[in-house]
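Engineer: Show me the folded form of this:
(4 chains)
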There are 2 protein chains.
Amino acid sequence: MTTEEPRWLSDDELAGWMAAAALLIKLPGALDAQLQSEQGLTFFEYMVLAVLSERDDRTLQMSDIAAATSSSLSRLSHVVKRLEAQGLLRRERIPGAGRRTNAVLTDAGWVKVVAAAPGHVARVRHLLVDAVAADDLAALRRISETVIERIDPGRSC
Amino acid sequence: MTTEEPRWLSDDELAGWMAAAALLIKLPGALDAQLQSEQGLTFFEYMVLAVLSERDDRTLQMSDIAAATSSSLSRLSHVVKRLEAQGLLRRERIPGAGRRTNAVLTDAGWVKVVAAAPGHVARVRHLLVDAVAADDLAALRRISETVIERIDPGRSC
DNA sequence: CGGAATAACTTGATGCATCAAGTTCTTCTC
DNA sequence: GAGAAGAACTTGATGCATCAAGTTATTCCG
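Structural biologist: You can find the predicted model right below:
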């Protein structure tokens, strides 16, 4: 807690940051709205199902899903419980491995992701991937990775 | 609802998008956590106060605040009610102008923003502005503006 | 080999966001 | 100038996110 005058943002920095902040506020809602109206899914729920669907055995441990979706284990646990109640996946304790738990995509879950994916990808294309230059998308990736590393340092080694 | 095979994302596109998605999930939480622990404010609450504090008369109409913070009027209304209950701002109906309402920052609100700003700016610098190249920040601005324009077309004219 | 620390979740309470519906003025149209 | 349409919010219900605390194996250590 110093009393020195902080380094405020320059005009360019401020403009960049405000634009980014607007993106943070609006984009999640836009993605949610589309998935919600077409498939009754949250963007985050979709991510969970999608991550599972990419595995050969449609199975992944809770912690690994959390890592893959950048979420807390607590958030994931609540969501998985809801998805399980809907029959889209089921949980299985891994015997002899502490409290480790796998989530397994059910057939109904698979059908759901397959139904949701085209519309979702089309939306992501329309809003972002097809809207910006390839260079800018690469920049966005660099930026995101840098910022994420700063948020929790040493998460990827 | 076409049955054609959709255009899936290429590896580069997918990597860019996943990184961006991770950013969308983690950055808001990181900003909230800092403001919450230091000043008991949400990032969004801070934005509302900050926008008001930049006006000479510390006054702005609800709709204008909503536009400046990229939020819905509904969300803003709830937040402003909470901030008013804490004495950080007050609302004033503008007479003879329909349901138009101004929000006015109180002295307590001013003190709060002034107290919160340095820590918040430092955090934004550390996580984003100072972490990425100036070119990349410019790219982020371009990207954000493009995406926002796609989300609700013709919001800025 | 026993007790403490750790890992991997789960749960419950609280609070914020969103959506749909309701209010209350003003303005436009005939 | 009356009634309809629209603008600018407000409100209440619902649901999701977060935080702190609780569980339940497992491993480490003396």
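
Engineer: is it true that A:L23 lies in a strand?
Structural biologist: No. Counting by DSSP: H, G, I helix; E, B strand; the rest coil, A:L23 is not part of a strand but helix.

Engineer: Closest to the geometric centre of chain A, which residue is that? Let me know.
Structural biologist: For chain A, A:T69 is the residue whose C-alpha lies nearest the centre (CA atoms, centre = their mean; 4.4 Å).

Engineer: That one and A:E45 touch, don't they?
Structural biologist: No. Assessed by CB atoms under 8 Å, A:T69 is found out of contact with A:E45, at 10.0 Å. (C-beta placed from N, C-alpha, C; glycine too.)

Engineer: I figured A:A66 was touching A:L73, is that so?
Structural biologist: Yes. Between A:A66 and A:L73 there is a contact under CB under 8 Å: 5.0 Å.

Engineer: So which of the two has more stuff around it?
Structural biologist: A:A66 (19 against 12; other CB atoms under 10 Å in any protein chain shown).

Engineer: returning to that earlier point: could you tell me how far the residue nearest to the centre of chain A is located from A:R82?
Structural biologist: To A:R82, A:T69 is 15 Å away according to CB to CB, to the nearest Å.

Engineer: same deal with A:E4?
Structural biologist: According to CB to CB, A:E4 and A:R82 sit 48 Å apart.

Engineer: Compare these two (neighbour count), which wins?
Structural biologist: Neighbour totals were compared for A:E4 and A:R82, and A:R82 leads with 11 against 6 (other CB under 10 Å).

Engineer: Quick one: list the elements packing against the helix or strand containing that one.
Structural biologist: Under the criterion of DSSP states H and E, A:R82 resides in helix A:73-85. Counting contacts by 3 or more CB pairs under 8 Å, 6 or more residues apart in numbering or on different chains; DSSP states H and E, helix A:73-85 packs against helix A:43-53, helix A:62-68, strand A:89-93.

Engineer: Out of these, flag the one nearest chain B.
Structural biologist: The closest of the helices and strands packed on helix A:73-85 to chain B is helix A:43-53. By CB to the nearest CB, the value is 7.2 Å.

Engineer: Show me what that closest one is packed up against.
Structural biologist: Against helix A:43-53 (3+ CB pairs under 8 Å, 6+ apart) you get helix A:11-39, strand A:59-61, helix A:62-68, helix A:73-85, strand A:89-93, strand A:101-105, helix A:107-124.

Engineer: of all the ones you listed, which lies closest to B:P118?
Structural biologist: Among these, the nearest to B:P118 by CB to CB is helix A:11-39 (14.9 Å).

Engineer: Which pLDDT value belongs to the residue in chain A that DNA strand D sits nearest to?
Structural biologist: Residue nearest to DNA strand D within chain A (CB to the nearest atom of the strand): A:G98, separated by 3.6 Å. Per-residue pLDDT puts A:G98 at 87.

Engineer: Could you pull up the contacting residues of the residue lying closest to A:R93 once chain neighbours are set aside?
Structural biologist: Nearest residue to A:R93, sequence neighbours excluded (CB to CB, 6 or more residues apart in numbering or on different chains): A:T101, at 5.5 Å. Contact analysis of A:T101 by CB atoms under 8 Å, 6 or more residues apart in numbering or on different chains lists A:Q61, A:M62, A:R91, A:E92, A:R93, A:I94.

Engineer: Contacts only, for the second one.
Structural biologist: The reference is to A:M62. A:M62 makes contact with A:L73, A:L76, A:S77, A:V80, A:R91, A:R100, A:T101, A:N102, A:A103 under the criterion CB under 8 Å, 6+ apart.

Engineer: My understanding was that the fifth one contacts A:V79; is that so?
Structural biologist: No. Taking contacts as CB under 8 Å, A:R91 lies outside contact range of A:V79: 11.9 Å.

Engineer: more crowded one of these two?
Structural biologist: A:V79 (18 against 14).

Engineer: Next one: the more buried one, what pLDDT does it get?
Structural biologist: The per-residue pLDDT reported for A:V79 equals 98.

Engineer: And it, how close does it get to DNA strand C?
Structural biologist: A:V79 sits 10 Å away from DNA strand C, going by CB to the nearest atom of the strand, to the nearest Å.
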